[in-house]
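**Student:** please work out how this folds:
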Amino acid sequence: MKKYCSIINILSLAFACLIAAGCATQPGAATAPPPNSGRLLINRVANFGSDLSLVVSVYGKDVGSFTEGRNYSGYLPAGQHVIIARVDPYQAGKGPARKTITVQAGHTYSYTAAWSGGNLVLVRNP
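**Tutor:** Presented below is the predicted three-dimensional model:
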């Protein structure tokens, strides 16, 4: 009887965890953007380099480091911002790409971090 109660308790706990996990916000679920903001997307070009990370900075602060298959997606308040993308680990002679954008509320700004003549650039997506 004791063994039976122990199994029931374990199964009950497992079931409760499954219910709690199902109620949590799922990745990719729709969330409302912050008020008076625009969305910024920065993708890695396919041939960026498998051993390199793309580091994105906004306001001079790193917002993420993105390896192969990962991209930046975030919201910025309306106004002017300097976006910097750089390579990690540092590559001699390959400085960061800089882009100044003026964000308008409700707009999306999409760029691809790519190589141009050995330099990192942010190319605006149509």
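
**Student:** nearest residue to the spatially most central residue of the chain in space, please, no chain neighbours.
**Tutor:** For the chain, residue 72 is the residue whose C-alpha lies nearest the centre (Cα atoms, centre = their mean; 3.2 Å). Once flanking residues are discounted, residue 72 sits nearest to residue 42: 4.2 Å by Cβ to Cβ, 6 or more residues apart in numbering. (Each C-beta comes from the backbone N, C-alpha and C, glycine too.)

**Student:** quick check: what element follows the helix or strand that neighbour falls within along the chain?
**Tutor:** Assigned by DSSP states H and E, residue 42 belongs to strand 37-44. Per DSSP H and E, strand 37-44 leads on to strand 53-58 as the next helix or strand towards the C-terminus.

**Student:** so which elements touch that following strand?
**Tutor:** Counting contacts by 3 or more Cβ pairs under 8 Å, 6 or more residues apart in numbering; DSSP states H and E, strand 53-58 packs against strand 37-44, strand 61-66, strand 72-77, strand 79-88.

**Student:** any weak-confidence spans in the protein?
**Tutor:** 1-30, 92 (pLDDT under 70).
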